[in-house]
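Visitor: Would you be able to build a 3D model of this:
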Amino acid sequence: MKIEKIKKTGKKYKILLSDGSEIKTYDDVILNYGLLYHKNIDSDLLNKINNDNNYYEIYYKTVNYITKRLRSEKEINEYIDKNKVTNKDKEKLVKKLKEDNLINDLNFAKAYIADKINLSNIGLDKIRNDLLMHNISVEIIDSELAKVDNNLIKEKLKKLIAKKIKNSKYTGYKLKFKIVNELINLGYDKDDILEIYDNISVDNTENIKKEYDKLYKKLSNKYQNKDLERMIKSKLYNRGFSIEEINKFIEN
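Guide: From the prediction side, this is the model:
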């Protein structure tokens, strides 16, 4: 069989043969085997072309998978495995992707850290654990996280705490306990959380007044004087207000 015509269709090339059949292939394959007009293609060469087509099909699928966003080597290996390639082809694929700098865990770690700091609410401990799950080396993780400006993390933490205080239905120690635990789970350092939280002024006067009025109306029919005051204080404390806040409000 001889090549009668070569035509580009999208990212591939269509090779028309003298027997009326056709082969769809890639420019890499055309260059590898010198597939020019009138070149004779025997069964041995046809098998090689088909094998290379399978290889480049997975290669370009993987490249497309990577270009949507950077991937770790672990993710890419898992993606290749889903396409059921031979171990030999997998080794060849991974080697070529590394040569093309499409597999690079250092670049992945840098991009991942930048994205999570700028586009998410998670802290450095969570980022570190996520990178470990991607099988990124501890040396790369620690080196890149050490470059992060801690002032940037504290400023982000300050905004998060202020937002959570504003939107929370809780008050006092309950509010603090809830926020501290939420932020620890998001990967922030406990000492940083407490330092910033304790420096944010939380005015619960309106909340205490609202709760006090409700409790007074409800309990004044049953309790009087010191007993009433003791019951109201107890209820307010159980609702999350600190003893200091309660006493200050009642004294005023």
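Visitor: how many neighbours does Leu45 have?
Guide: When neighbours are defined as other CB atoms under 10 Å, Leu45 has 14 of them. Every residue, glycine included, has its C-beta placed from N, CA and C.
Visitor: same thing with Lys39?
Guide: For Lys39, the count of nearby residues is 14 (other CB under 10 Å).
Visitor: ok, now Lys218?
Guide: 12.
Visitor: need the contact list for it.
Guide: Contact analysis of Lys218 by CB atoms under 8 Å, 6 or more residues apart in numbering lists nothing.
Visitor: change it to 10 Å
Guide: Met231, Ile232, Lys235 (CB atoms under 10 Å, 6 or more residues apart in numbering).
Visitor: That one: which element?
Guide: Lys218 is part of helix 205-219 when elements are defined by DSSP states H and E.
Visitor: Quick one: the strands in this structure, in order.
Guide: Per DSSP state E, the chain carries strands over the ranges 3-9, 12-17, 22-25.
Visitor: Throw those into CSV and include distance to Lys61 and mean neighbour count, thanks.
Guide: Output for the strands of the chain, formatted as CSV (distance: least, CB to CB, whole Å; neighbours: other CB atoms under 10 Å):
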stretch, distance to Lys61, mean neighbour count
strand 3-9, 17, 12
strand 12-17, 13, 17
strand 22-25, 15, 17
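Visitor: Among those, which comes closest to Leu145?
Guide: Among those, strand 12-17 comes nearest to Leu145, with 43.1 Å by CB to CB.
Visitor: what packs against that closest one?
Guide: Packing partners of strand 12-17 (3 or more CB pairs under 10 Å, 6 or more residues apart in numbering; DSSP states H and E): strand 3-9, strand 22-25, helix 27-33, helix 43-68.
Visitor: what's the angle between it and strand 3-9?
Guide: 160 degrees (axes from the mean of the first three to the mean of the last three CA atoms, to 10 degrees).
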